[in-house]
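# Predicted structure and sequence below. I'll ask about it afterward.
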Amino acid sequence: MGGRGDEGRGETRIVRTARAYPSGRTRYMTGPAETIDLIVSAARRLAREELIPAEPTVEAQDEVPEPILARLRELGLFGMTIPREYGGLGLSMQDEARVVFEIGYASPVFRSRFGSSNGVGTQSILNDGTEDQRRRYLSPIARGELIAAFCLSEADAGSDAAAIVTRAQRSGEHYVISGTKRFVTNALAAGLFIVYARTAPPETGARGISAFLVDRDTPGISVTVPYRMMGFRGAHTADVIFDECRVPASALLGPSEGVGFKTAMKSLDHARLHMAALAAGLCERLIDEGVRYASRRRQFGQPIAQFQLIQGMLADCRAESLAARAMVEKVAREKDAGVRITAESACCKYFATEALGRIADRVLQIHGGYGYIKEHAIERLYRDVRLLRLYEGTSQILQLVIAREMLREQAA
Ligand code: CAA
């Protein structure tokens with residue numbers, strides 16, 4: 001995957017044509033198509049030469065080192081999806097997927113640091129924000145100076161997102177927000193919370209939900225100690241408590257109350273495709289780990305890669321990885337063409353992350369007992385990739401989304 005043949009060519013070109021802005025942001029000095037190639041090859045080099053070597057440190061320290069974060073900012077990765085007029089790279093979905101395939105070759109922890117800035121944290125503002133809101137927030141997000149976090153889930157509202165009980169009560173020219181949001185990725189680092197709250201009673205369901213842009217320094221906000229998770233060390237997820245948090249009426253996202261649920265769902269349509277691209281990148285990383293190990297490890301007098309049962313597992317991995325990537329590329333094209341991709345992005349995330357789980361399991365199996373000890377990357381990656389089948393829609397919720405859309409089309 002990823003055109004092994006063009007790796008060298010990409011590296012030569014970026015050395016020749018890219019230089020750093022005085023601000024530290026890489027400036028890509030070419031036309032659009034070439035610029036994308038440069039960004040993709042820069043992401044490829046970053047993943048392989050800097051991120052992968054840093055993985056053990058991130059795991060040990062439970063922190064992504066600041067110099068690595070600076071490199072992510074420098075390449076513009078916090079603003080991939082933000083239009084150029086607001087200081088982002090303004091990538092199309094196809095180009096975003098190409099970059100994520102490359103970054104996804106390294107631990108998913110790195111991507112999670114800028115994931116919400118491109119996905120669920122930003123898409124809401126892009127899709128439904130006012131021009132004032134876009135101007136205020138998107139540039140600092142694109143520069144990586146402001147982290148946006150998505151506050152939808154609650155203790156009793158995970159898959160059933162419309163069941164949220166956090167309230168936003170109108171009070172003159174303000175709203176007063178009260179409630180606790182659960183599993184908020186990047187909660188600690190966030191300077192902006194996109195908060196989904198009820199502006200109408202529970203019986204109004206999804207139609208009673210509105211979205212708000214809440215600055216971190218607003219009185220009444222507290223963030224809990226991060227959860228201790230199975231994997232993803234270096235990425236921090238916590239609860240965010242809003243205790244009578246008073247925000248101006250202009251913090252309402254979009255033109256009116258009651259459209260917040262759709263805002264969230266549209267963001268998730270994008271985020272799920274992005275997540276599928278990440279999974280496709282990780283599939284290739286795991287396959288390379290498996291092939292490398294199988295080629296080196298000798299049993300019965302020869303490398304285990306010579307055994308057909310091992311080859312069968314490797315072949316299954318490659319076929320599934322190729323399918324995942326092809327799906328993402330197809331749906332990204334459709335999204336760029338303006339087609340609604342609710343079912344398709346759900347298909348991509350469902351297939352790619354489930355395939356990734358199967359691949360991680362096979363690659364660990366290829367490692368045998370060595371896969372179960374911390375000496376090899378597979379032990380850590382196996383734990384990390386498990387999350388992808390859970391967040392931004394479990395596989396079962398995605399099945400439900402896909403089937404609903406099928407039935408809706410049939411009924412239309
Ligand atoms: N785009 C636009 N509109 C949409 C939409 C979409 N993708 N999906 C639904 N809608 C609209 C519907 O058309 C409907 O509109 P009308 O009222 O006008 O008819 C309205 O939204 C309500 O839709 P549903 O009736 O389908 O809503 P529902 O309550 O039955 O549930 C669900 C839908 C698909 C199960 C949804 O709740 C869901 O996706 N749940 C999973 C949530 C999720 O992924 N959570 C992860 C949170 S993020 C995270 O993981 C942490 C992090 O920090 C990143």
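Thanks, I have it. Because the structure is predicted, anything quoted here is derived from the model rather than measured.

# Please make it C-alpha for all contacts and neighbour counts, starting now.
Will do.

# Would you check that my belief about Val64 contacting Phe110 is correct?
Yes: with contact defined as C-alpha atoms under 8 Å, Val64 reaches Phe110; the gap is 7.3 Å.

# Could you look up the SS state of the closest residue to the ligand within the stretch 1-150 of the chain?
With C-alpha to the nearest ligand atom, the shortest gap between the stretch 1-150 of the chain and the ligand falls at Phe150, namely 5.3 Å. The three-state assignment at Phe150 reads strand, by DSSP: H, G, I helix; E, B strand; the rest coil.

# Look up the residues forming beta bridges with it.
Here Phe150 shows beta-bridge partners Ile194, assigned using DSSP bridges.

# And for Phe351, nearest residue in space, chain neighbours not counted?
Of all residues beyond its chain neighbours, the one nearest Phe351 is Ala324 (6.7 Å), with distances taken as C-alpha to C-alpha, 6 or more residues apart in numbering.

# Quick check: the one you found touching Cys347?
No: between Ala324 and Cys347 there is no contact, the gap being 9.8 Å when judged by C-alpha under 8 Å.

# So those two - more neighbours on which side?
Summary of the neighbour comparison: Ala324 and Cys347, criterion other C-alpha atoms under 10 Å, with Ala324 having more neighbours (27 against 23).

# and the helix or strand where the more buried one lies, does that touch the ligand?
Take DSSP states H and E as the rule and Ala324 turns out to sit in helix 308-336. No: with C-alpha under 6 Å from any ligand atom as the criterion, the ligand is not reached by helix 308-336; the gap is at least 12.6 Å.

# Break down the stretch 51-200 of the chain into its strands, ranges please.
Chain-ordered strands for the stretch 51-200 of the chain, with DSSP state E, counting those that start in this stretch as the definition, fall at 148-151, 167-171, 174-185, 192-198.

# what would those look like in TSV with mean neighbour count?
What follows is those, written out as TSV (neighbours: other C-alpha atoms under 10 Å):
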stretch	mean neighbour count
strand 148-151	28
strand 167-171	19
strand 174-185	22
strand 192-198	26
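
# want to try JSON lines for these, with mean pLDDT as columns?
Compiled in JSON lines, those are given as follows (pLDDT from 0 to 100):
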{"stretch": "strand 148-151", "mean pLDDT": "96"}
{"stretch": "strand 167-171", "mean pLDDT": "98"}
{"stretch": "strand 174-185", "mean pLDDT": "98"}
{"stretch": "strand 192-198", "mean pLDDT": "98"}
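
# Could you dump those into a markdown table and include distance to Ala161?
Shown next, in a markdown table, are those (distance: least, C-alpha to C-alpha, whole Å):
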| stretch | distance to Ala161 |
| --- | --- |
| strand 148-151 | 11 |
| strand 167-171 | 14 |
| strand 174-185 | 11 |
| strand 192-198 | 10 |
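
# out of those strands, which comes closest to Arg71?
Relative to Arg71, the nearest member of those by C-alpha to C-alpha is strand 148-151, separated by 18.8 Å.

# Other residues contacting that closest one?
Applying C-alpha atoms under 8 Å, 6 or more residues apart in numbering, the contact partners of strand 148-151 are 116-117, 120-122, 141, 181-182, 184-187, 190-196, 240.

# which of those residues are close to the ligand?
Counting by C-alpha under 6 Å from any ligand atom, the members of those near the ligand are Val184, Thr185.

# Enumerate the residues of this structure near the ligand.
Contacts of the chain with the ligand, taken as C-alpha under 6 Å from any ligand atom, map to 150, 152-153, 158-162, 183-185, 206, 261-262, 265-266, 269, 342, 391-393, 397, 401.

# Could you pick out the buried ones from these?
150, 152-153, 158-159, 161-162, 183-185, 206, 261-262, 266, 269, 342, 392-393, 397, 401 (16 or more other C-alpha atoms under 10 Å).

# Would you map out the domains in this protein?
Taking automatic domain parsing as the criterion, the chain consists of the domains 10-115, 148-261, 267-411.

# By mean pLDDT, show me the worst of these.
For the domains of the chain, the stretch scoring lowest in mean pLDDT is domain 10-115; its value is a mean of 85.
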